[in-house]
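# this is a predicted model, with the sequence first.
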Amino acid sequence: MKNAIKHLMLPAIVLCFTCSFTLVPASTAKPMTSTSKLNSKPIGGAYLVFAGKTGGKVSKKDLEGQTRLSMNGCPGAKESTIVSFTLEINKGGKTTRLQTSSDKLTAEMAAKLKSLAAGDSFEFKKVMAHFANSKDLFEVHTQKFSVG
């Protein structure tokens, strides 16, 4: 009797085990056709805030008086300090890169941003910061801004 139960249970166990690794058909997967949803909101970590926005359309009025970059996101991001960044400006198809070692725009950066027209864009790149309680550097997530 024990042998009969063992012979019946073994195939049942093998069948259950192999069924648990069945692949899902590829036809049910939905490919991502656009990255706009991916870039619409920052995901995790610290992200850059400039003119009250994290990226996207910004008006010339929003740019007026902006002198400093800030962060939001993960715990501790607001208390962290930006120590360097590169500003890449695309004005009329011509790209200009300006760098600084602080969280403030230089006079040249502010002047270039003020001169932008509708359709021009800019992006902060290589934004490096350190936490308030340490000197460990980390890179801040950024997105592209366009003047509209």
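Looks like it arrived, so ask away.
# show the contacting residues for the closest residue to residue 77 other than its chain neighbours.
What sits nearest to residue 77 in space, not counting adjacent residues and going by C-beta to C-beta, 6 or more residues apart in numbering, is residue 46, at 3.9 Å. C-betas here are computed from N, CA, C, even on glycine. Taking C-beta atoms under 8 Å, 6 or more residues apart in numbering as the criterion, residue 46 is in contact with 71-74, 77, 80, 129, 138, 140-141.
# spit out the contact partners of the residue lying closest to residue 113 once chain neighbours are set aside.
Spatially, and ignoring its direct neighbours in sequence, residue 113 is nearest to residue 63 (5.3 Å; C-beta to C-beta, 6+ apart). Residue 63 sits next to 51, 113-114, 116, 147 when contact means C-beta under 8 Å, 6+ apart.
# before we move on, the earlier item: so which two of the contacts of residue 46 are the farthest from each other?
Farthest apart among the contacts of residue 46 by C-beta to C-beta are 72 and 138. That separation is 14.2 Å.
# between the contacts of residue 63, which has the most around it?
Among the contacts of residue 63, residue 113 has the most neighbours (other C-beta atoms under 10 Å), with 24 neighbours.
# mind checking the SS state of that residue?
Assigned by DSSP: H, G, I helix; E, B strand; the rest coil, the conformation of residue 113 is helix.
# rewinding a little: quick one: the contacts of residue 46 as CSV, columns for distance to residue 98 and neighbour count too.
CSV is the format used below for the contacts of residue 46 (distance: C-beta to C-beta, whole Å; neighbours: other C-beta atoms under 10 Å):
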residue, distance to residue 98, neighbour count
71, 20, 23
72, 24, 13
73, 25, 19
74, 27, 15
77, 24, 20
80, 22, 21
129, 18, 22
138, 22, 15
140, 17, 24
141, 20, 17
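# how about the residues you listed in TSV, adding secondary structure and pLDDT?
Listed next are the contacts of residue 46 as TSV, based on DSSP: H, G, I helix; E, B strand; the rest coil; pLDDT from 0 to 100:
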residue	secondary structure	pLDDT
71	strand	88
72	strand	86
73	strand	82
74	coil	77
77	coil	74
80	coil	85
129	strand	90
138	strand	88
140	coil	90
141	strand	90
